[in-house]
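Asker: just coords:
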DNA sequence: TGGTGCCCTGAAACCGGTTTCTGTCACGCA
DNA sequence: TGCGTGACAGAAACCGGTTTCAGGGCACCA
């Protein structure tokens, strides 16, 4: 019992029926008499038969699997993405393959290899070259997650730029701040690139000159601490630090508090994502909420439907709305007006 | 070019050779004349042929995939695990399947289903029932990661209990503290259970009475903030908070600082893991370093070797050493003696 | 009694690879 | 010249399922 080496033909022999009948019973397809069904089920039960996925997938010509490609895993953002993706894939009986391309040179090749094992792939924006993306899309359905690809490839992202413009304008206009620093590496991901653009856009709309350069660091808390070290030197410190995500912002906050600065009195800090910690730190973090799980779930749904019907699917670019969340770290007294960038 | 529907037989027909020859060329096995090889390679190149993984896997009777089963993804611990696991799997040309069981009722079934799709599985300790674990192990090689299973199942873990005893003794003896609180849910995972046991053990070794109950919360920063709210009420606050991991400790730290407490003067806080942030917060966090990536990499190696040779593999229980890292949050002045527990 | 149609069953083909097994041919050597 | 040998190619079997297709048995009807 429970032997993993038992096959359809084995069960067929033991039950004294044909393999076709076993298949029909185990899938509930076609017409089978009560007597046959009973005999087959008995044999299946007794020997713990479960159909091998490979044989089944080969016959069905679908893998029953979805791929998810990351640059590298870091922070709550990615774990949320994975879970959102998984929440759609598993009920559809598809397994989730993940691949972290960072630190490996032949990542394009590995992604192409993955394409031979799954029914569709979601690629985080900025992870692989555009060339590889196009070759990939010629093989399996592809969705770019948090970013945009060529027009022929679907994508799911949020309205980063308008949201960041809204936030920056709040600091410039409502709080009258002028010397803002942006922390995050625009070359690292489309998300950051768009947020950096939105940040500068707010200056331009007010006929002000935006900072020329961001503080280029990665996206985790330690990188925020690092940024604080670079920024908070006597004399040249900015009035506000606009961070590319909440993780960086929390790091900057820790760095600032550790230097004896008061937030928001001495330094204003803002984030992006609305991670759970954003509401819990003191001061609570002014940020932009984005629907991370929904983002990944939407990508999974698109891939599944494209895989189910390869020809009907036209490439789609979905942009999900965000919500500006005003809390204490920008200098607002308590609860203040919040506004979304809208649907 | 790049068409994904091209098969061996197609290439064989186009090159005017047999499928056997195509297979030999594409795998570099067997003897093929220069002329044949050239013709086959040309056809492969021209039509962008890449062998389908399913057919190949079916013939080889191995999936070329490894499974990783989590309760739910949370925090840097799990992303480190995934990356450690991945770093071993990918060079071995195996893809990584992940499954988060939380929030779903039929998780045992899903894990069994995964077993039909991979060559081996690593299960995070405490994720599925012991019954399911045994049934799983009857089907594919299984390793319990961060925890222990039945004696017949391999496992990889760290020496949680001795490490936590060492840390607790440091607080009790070197700092003369008595009223310590443990934060973490021992029922949630074997790791926490062992750390809780190690914590109490330190009391017993000194003939002291340990706290009867831990503060049961989950393992992320927000849960630490929550724990701080519960613990830091006037009068009953402990002298020190011993946290099940660094994430909780950082949350408690934020909560304590937000209440105007000084750390470590008013409250001592310790963590576990030595996450990157532990060294960067002020005060820096006294904690226990554990080799998370190595843990997962070791699990992947065990699975791979067991899958390669199913009979030779005897179940193995590996316990990796940890290192006690003394920093500022326990009340030590600056750099103080550190000591490993292991090896 | 013969024909029609439905329900059920099993043989065989198929999915896309790998591998074994058989056979051909050229070459070297006695 | 005859024979053994080794290099190479292809036909066919195989991996473990699903599905098509043809046929047997039976009820129903004329």
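Answerer: Great, that's in hand. Since we're looking at a predicted model, the values are computed, not measured.

Asker: The stretch 151-300 of chain A against chain B: which residues are in contact?
Answerer: A:220-222, A:225, A:251, A:254-255, A:257-258, A:276-277, A:280-282 (C-beta under 8 Å from any C-beta of the partner chain). The way it works is simple: take the backbone N, C-alpha and C, and place the C-beta from them, glycine included.

Asker: Which members of the residues you listed occur in helices, if any?
Answerer: Among these, DSSP state H puts A:221, A:222, A:225, A:251, A:254, A:255, A:257, A:258 in helices.

Asker: pLDDT of the helix or strand where residue A:57 lies, averaged?
Answerer: Assigned by DSSP states H and E, residue A:57 belongs to helix A:53-60. On average, the pLDDT along helix A:53-60 is 94.

Asker: ok, it near DNA strand D or not?
Answerer: Yes. Helix A:53-60 lies within reach of DNA strand D by C-beta under 7 Å from any atom of the strand, at A:54, A:55, A:56, A:58, A:59, A:60.

Asker: Cross-check the ones in helices among the residues of the stretch 151-300 of chain A next to chain B against DNA strand D and keep the overlap.
Answerer: Okay, of those, nothing touches DNA strand D (C-beta under 7 Å from any atom of the strand).

Asker: returning to that earlier point: out of the residues of the stretch 151-300 of chain A next to chain B, what pair is the most spread apart?
Answerer: Maximum pairwise distance among these (C-beta to C-beta): 22.0 Å, between A:258 and A:276.

Asker: Closest one of the ones in helices among the residues of the stretch 151-300 of chain A next to chain B to residue A:327?
Answerer: Once C-beta to C-beta is applied, the member of these that ends up nearest residue A:327 is residue A:257, at 16.0 Å.

Asker: list the helices and strands whichever helix or strand comes after the helix holding residue A:57 packs on?
Answerer: Downstream of helix A:53-60, the first helix or strand assigned by DSSP H and E is strand A:65-70. Counting contacts by 3 or more C-beta pairs under 8 Å, 6 or more residues apart in numbering or on different chains; DSSP states H and E, strand A:65-70 is packed against helix A:75-89, strand A:95-100, helix A:107-115, strand A:120-124, helix A:292-308.

Asker: Tell me what angle strand A:65-70 forms with helix A:107-115.
Answerer: Going by axes from the mean of the first three to the mean of the last three C-alpha atoms, to 10 degrees, strand A:65-70 is angled at 160 degrees with respect to helix A:107-115.

Asker: before we move on, back to that, what would the helices and strands packed on strand A:65-70 look like in a markdown table with mean pLDDT, mean neighbour count and distance to DNA strand C?
Answerer: Shown next, in a markdown table, are these (pLDDT from 0 to 100; neighbours: other C-beta atoms under 10 Å in any protein chain shown; distance: least, C-beta to the nearest atom of the strand, whole Å):
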| stretch | mean pLDDT | mean neighbour count | distance to DNA strand C |
| --- | --- | --- | --- |
| helix A:75-89 | 94 | 23 | 23 |
| strand A:95-100 | 96 | 23 | 19 |
| helix A:107-115 | 90 | 19 | 12 |
| strand A:120-124 | 97 | 28 | 17 |
| helix A:292-308 | 95 | 21 | 15 |
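
Asker: Nearest to residue A:159, out of these?
Answerer: helix A:292-308 (11.8 Å).

Asker: which residues touch the closest one?
Answerer: A:62, A:66, A:77, A:80-85, A:87-89, A:92, A:94, A:119-122, A:140-143, A:145-146, A:154, A:156-158, A:273, A:313, A:316, A:318, A:320 (C-beta atoms under 8 Å, 6 or more residues apart in numbering or on different chains).

Asker: Next, see if that helix gets close to DNA strand D.
Answerer: No. Helix A:292-308 stays out of contact with DNA strand D when judged by C-beta under 7 Å from any atom of the strand, the minimum separation being 13.9 Å.

Asker: Heading C-terminal from that helix, find the next helix or strand.
Answerer: Following helix A:292-308 toward the C-terminus (DSSP H and E): strand A:317-320.

Asker: And the next helix or strand past that next one?
Answerer: strand A:323-325.

Asker: so where is the stretch 201-343 of chain A shaky, pLDDT-wise?
Answerer: Along the stretch 201-343 of chain A, the model assigns pLDDT under 70 to residues A:334-343.

Asker: sorry, back to before: can I have the buried ones of the residues of the stretch 151-300 of chain A next to chain B as a PyMOL selection?
Answerer: With 16 or more other C-beta atoms under 10 Å in any protein chain shown as the criterion, this PyMOL line picks the buried residues out of those:
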select buried, chain A and resi 220+221+222+225+251+254+255+257+258+277+280+281+282
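
Asker: Pull up the distance across stretch A:312-327, start to finish.
Answerer: 45 Å (C-alpha to C-alpha, to the nearest Å).

Asker: That stretch: which residues count as buried?
Answerer: A:315, A:322, A:323, A:324, A:325, A:326, A:327.

Asker: Just give me how far stretch A:311-330 sits from the chain centre.
Answerer: Centre-to-centre, stretch A:311-330 and its host chain are 12 Å apart (C-alpha atoms, centre = their mean, to the nearest Å).

Asker: that older thread, nearest to residue B:23, out of the helices and strands packed on strand A:65-70?
Answerer: Closest among these, once you apply C-beta to C-beta, is helix A:107-115, at 17.8 Å.

Asker: which other helices and strands contact that closest one?
Answerer: strand A:65-70, strand A:95-100, strand A:120-124, helix A:130-137.

Asker: same thing but at 10 Å, please
Answerer: Helix A:107-115 sits against strand A:65-70, strand A:95-100, strand A:120-124, helix A:130-137, helix B:53-60, strand B:95-100, with contacts defined as 3 or more C-beta pairs under 10 Å, 6 or more residues apart in numbering or on different chains; DSSP states H and E.

Asker: Any idea which of the ones you listed gets closest to residue B:180?
Answerer: Comparing the helices and strands packed on helix A:107-115 by C-beta to C-beta, strand B:95-100 comes nearest, at 33.2 Å.

Asker: what is the orientation angle of that closest one with helix B:53-60?
Answerer: 100 degrees.

Asker: Neighbouring strands of strand B:95-100 in the sheet, and parallel or not?
Answerer: In the sheet, strand B:95-100 lines up against strand A:95-100 (antiparallel), strand B:65-70 (parallel) (DSSP bridges).

Asker: Out of the ones you listed, which gets nearest to residue B:37?
Answerer: Using C-beta to C-beta, those put strand B:65-70 closest to residue B:37, at 30.4 Å.

Asker: Measure how far that closest one is from the centre of its chain, please.
Answerer: Going by C-alpha atoms, centre = their mean, where strand B:65-70 is centred and where its chain is centred differ by 11 Å.

Asker: what's the answer for stretch A:21-30, then?
Answerer: 39 Å.

Asker: which element is residue A:199 on?
Answerer: Using DSSP H and E, residue A:199 falls in helix A:190-205.

Asker: Now find how far off-centre that helix is within its chain.
Answerer: 21 Å.

Asker: Repeat that for stretch A:321-331.
Answerer: Stretch A:321-331 sits 22 Å away from the centroid of its parent chain (C-alpha atoms, centre = their mean).

Asker: Endpoints of that stretch, how far apart?
Answerer: 25 Å.
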